[in-house]
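Enquirer: I would like to see how this sequence folds:
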Amino acid sequence: MKPTDAELEILHVLWSNGPSTVRQVHDQLSQSREIGYTTALKLMQIMHEKGFVSRDDSAKTHTYTAAVGEDDTQRGLVSRFVETAFRGSASKLVMQVLGQHKASREELDEIKRLLNQLDHDND
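Expert: Just a heads-up that it's a prediction; the model follows:
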């Protein structure tokens, strides 16, 4: 199961800030878009039911923690995206991204290092 876009936004807040209350997540999300407190609460309750977050309800204010890792979640989303949008071709994805987005020198150097590492790992 993959998180929705709204759930992914909440996960980003939890990954960045660590365990947080609904109010803290809501305040963070409100800086970039309009979202009601009850909407954030409902989303986080649904995410708890789905297993995306854990909840500590030992105190009056419940604290939520990401129950899924950022790397694992990104890997799953990218894998599914490559399969559905690019028929399994990672090279088509990379070419599309590099053709649409001006990569910085640092990003290009990082991509080259990764490619070299992958090439050496396959030897």
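Enquirer: What's the first helix or strand after the helix or strand of the chain with the lowest mean pLDDT?
Expert: When each helix and strand of the chain is scored by mean pLDDT, DSSP states H and E, helix 90-100 comes last, with a mean of 84. Counting by DSSP states H and E, the next helix or strand C-terminal to helix 90-100 is helix 105-121.
Enquirer: For the chain, which segments count as helices?
Expert: Along the chain, counting by DSSP state H, helices occupy 5-17, 22-30, 37-50, 70-85, 90-100, 105-121.
Enquirer: CSV please, covering those helices and showing mean neighbour count and distance to Asp57.
Expert: Glycine gets a C-beta too; all of them are placed from N, C-alpha and C. Listed next are the helices of the chain as CSV, based on neighbours: other Cβ atoms under 10 Å; distance: least, Cβ to Cβ, whole Å:
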stretch, mean neighbour count, distance to Asp57
helix 5-17, 17, 16
helix 22-30, 18, 12
helix 37-50, 16, 10
helix 70-85, 12, 24
helix 90-100, 11, 41
helix 105-121, 10, 41
